[in-house]
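Peer 1: Kindly generate the corresponding structure for this input.
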Amino acid sequence: MIRSELVQLLADENPDLALRDIEAIVTSFFDEISKRLASGGRVELRGFGAFSTRARDARTGRNPRTGELVDVSAKRVPYFKPGKEMRLRLNV
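Peer 2: Sure thing, here's the model as predicted:
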């Protein structure tokens, strides 16, 4: 599912809300998750899962086009851990 499909699904299920209001809600939701992760925090949605970040060390990578070695700096990457209810629904 992509973002526009989510907005449309919410609009179909909530005909009393304007489409621009639903878009604002979805945008606000994702922005808040992003802000929390950027500040080093964690976001947990009970029954769904938890968003956090993980550290990746600096390493030497390879340019796939040229084969040249390149230095890849250390960075933080987003990580999602599904909750117990989510895992159970997926593995029925």
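Peer 1: what's the first-to-last distance across stretch 39-58?
Peer 2: By Cα to Cα, to the nearest Å, the extent of stretch 39-58 from end to end equals 21 Å.
Peer 1: From the contact counts, what lies against the helix or strand harbouring Leu6?
Peer 2: Using DSSP states H and E, the element containing Leu6 is helix 3-13. In terms of contacts (3 or more Cβ pairs under 8 Å, 6 or more residues apart in numbering; DSSP states H and E), helix 3-13 is packed against helix 19-38. Glycine gets a C-beta too; all of them are placed from N, C-alpha and C.
Peer 1: Direction included, what does the helix or strand just after the helix it packs on pair against?
Peer 2: Counting by DSSP H and E, the next helix or strand C-terminal to helix 19-38 is strand 43-45. According to DSSP bridges, strand 43-45 forms sheet pairs with strand 49-56 (antiparallel).
Peer 1: orientation of the partner strand relative to helix 19-38 in degrees?
Peer 2: Calculated by axes from the mean of the first three to the mean of the last three Cα atoms, to 10 degrees, strand 49-56 forms an angle of 40 degrees with helix 19-38.
Peer 1: quick one: average pLDDT of stretch 77-92?
Peer 2: Average pLDDT, stretch 77-92: 94.
Peer 1: what comes up buried for the helix holding Leu6?
Peer 2: 7, 10 (16 or more other Cβ atoms under 10 Å).
Peer 1: With Pro15 as the reference, measure out to Ile22.
Peer 2: 11 Å (Cβ to Cβ, to the nearest Å).
Peer 1: Have a look at those two and say which one is more surrounded.
Peer 2: Neighbour totals were compared for Ile22 and Pro15, and Ile22 leads with 19 against 7 (other Cβ atoms under 10 Å).
Peer 1: Now for the chain, the helix or strand with the poorest mean pLDDT.
Peer 2: Within the chain, no helix or strand scores below helix 84-90, which has a mean of 93 by mean pLDDT, DSSP states H and E.
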